[in-house]
Every structure is written in structure tokens, then in C-alpha cells.
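Enquirer: Got a predicted structure plus its sequence, pasted below:
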Amino acid sequence: FRGRVSDHGQRPFPNLEVYVHRIERTGTQETALREYATTRTDENGEWAIEHLNPGTYRVEYRSGVRMQWE
């Protein structure tokens, strides 16, 4: 998994926590599984997490005040 976090003006968000959590979907229900990984964005807002098993994942970005976006 790789990504970049930026605002609407394409300015990067450095040092955000990135939380990648494996999920399972059944219809409209979403169930979190035990597999997850975390990292932080670099000065360019970029992040990468390797060695995840195939599947569906939910990606959340968290600031230092624990607000989150997905």
C-alpha cells in the first residue's frame, strides 16, 4: 500500500499517523479483522506499508489530536 495525504490545494500533510486495518464486508456490514499496520506520512505527505496479506483494507489518517479521516 502506498499513498499521499494532501489538502484541496495539493499541500502535503506531514507527520500524520496512517492506520491500515483489514476488513471483511458482508452486504452493508463491515467487520474489522485483527490484521493492521501503522506508519506516518513523511514531509511530502507520502506513506508506504508493505507486507500486507491480500484483502480489503480500510485506511485512516489521524492527526496528533486523534481526529481521523478515511
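Expert: Done, it's in. Numbers count the residues shown, from 1 in each chain.
Enquirer: From here on, just use CA atoms for contacts and neighbour counts.
Expert: Fine.
Enquirer: what's residue 58 in contact with, if anything?
Expert: Contacts for residue 58 (C-alpha atoms under 8 Å, 6 or more residues apart in numbering) come out as 20, 21, 22, 23, 70.
Enquirer: of these, buried ones?
Expert: Buried members of the contacts of residue 58, counted by 16 or more other C-alpha atoms under 10 Å: 20, 21, 22, 23.
Enquirer: and which of those residues is nearest residue 39?
Expert: Using C-alpha to C-alpha, residue 20 comes nearest to residue 39 of the buried ones among the contacts of residue 58, at 8.7 Å.
Enquirer: Next, give phi and psi for the closest one.
Expert: phi -110, psi 120 (degrees, to the nearest 10).
Enquirer: what distance separates the start and the end of stretch 4-22?
Expert: Length of stretch 4-22, first residue to last, C-alpha to C-alpha, to the nearest Å: 19 Å.
Enquirer: Same list, the contacts of residue 58, but as JSON lines with distance to residue 61 and pLDDT please.
Expert: Converted to JSON lines, the contacts of residue 58 look like this (distance: C-alpha to C-alpha, whole Å; pLDDT from 0 to 100):
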{"residue": "20", "distance to residue 61": "9", "pLDDT": "93"}
{"residue": "21", "distance to residue 61": "11", "pLDDT": "92"}
{"residue": "22", "distance to residue 61": "15", "pLDDT": "92"}
{"residue": "23", "distance to residue 61": "16", "pLDDT": "93"}
{"residue": "70", "distance to residue 61": "6", "pLDDT": "61"}
